[in-house]
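Trainee: Please work out how this folds:
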Amino acid sequence: MARLAELFRRHPAWVSAARSIADEATSRVYFTHRPGEAWRLEKRGGETLLLPGAGADPDFCFRFSPGAIERLAAVGGGIGDFAVELLGLVVETDPALHVDLRIAAPFERLARRGYLGLLLRGGPRVLAFGAARGVRSLFALRRVVVGMVDHAPAPWESDGPEA
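Mentor: Have a look, this model is predicted:
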């Protein structure tokens, strides 16, 4: 957990990516090895901080495993390299590496808060990742996101032991 917090605050690609995202954007974060604990990502004073507590009305909810955090920590390069690794971990089938993702905000709010611009800043690697999965246009991306939006918490967001 501390390692992920430091990566969001200090990793050059992650810091650069955060500049694309609106200050009011927030994500809820969980960890497979700390069930029932909720954290949140917020921007304060130009830094992205991992803070205790779920926070209200997140854009995204993530659950990271220790293996996924290590994989993300090992990423070099720029925004596109990080984005492709994160998205790859979302589709990963090995539970030791998988990152759970719930999109909690509507597509329009994600666009207003800068997430679409961030994907574009990811460049050719992100575009190729999407194209390989049938996402070749903004319309296709919108369709995927709208299909994934879920306002109800996932089972792994519960306050009890891991489901």
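
Trainee: Just list what the longest helix seen in the chain packs against, helices and strands only.
Mentor: If you go by DSSP state H, the chain has its longest helix at helix 79-91. If contacts are counted by 3 or more Cβ pairs under 8 Å, 6 or more residues apart in numbering; DSSP states H and E, helix 79-91 sits against helix 12-18, helix 66-73, helix 115-121, helix 123-132. In short, each C-beta sits where N, CA and C put it, glycine included.

Trainee: How about the secondary structure of the nearest residue to Leu49 once chain neighbours are set aside?
Mentor: Nearest non-adjacent residue to Leu49, counting by Cβ to Cβ, 6 or more residues apart in numbering: Glu42, 5.7 Å away. What DSSP: H, G, I helix; E, B strand; the rest coil gives for Glu42 is strand.

Trainee: Pull the distance from stretch 58-72 to the chain's centre.
Mentor: 7 Å (Cα atoms, centre = their mean, to the nearest Å).

Trainee: quick one on the thing from earlier: okay, the angle between the longest helix of the chain and helix 66-73?
Mentor: Orientation check (axes from the mean of the first three to the mean of the last three Cα atoms, to 10 degrees): helix 79-91 against helix 66-73 gives 160 degrees.

Trainee: still on that earlier bit, my read is that the residue nearest to Leu49 contacts Gly55, right?
Mentor: Yes. Checked against Cβ atoms under 8 Å, the pair Glu42 and Gly55 is within contact range at 6.9 Å.

Trainee: Shouldn't Ile21 be within a strand?
Mentor: No. Read with three-state DSSP, Ile21 is coil and lies in no strand.

Trainee: Please work out how many residues are found near the residue nearest to it when sequence neighbours are not counted.
Mentor: Distances taken as Cβ to Cβ, 6+ apart place Gly114 nearest to Ile21, at 4.6 Å, with adjacent residues excluded. Gly114 is flanked by 18 other residues according to other Cβ atoms under 10 Å.

Trainee: All good on my end, thank you.
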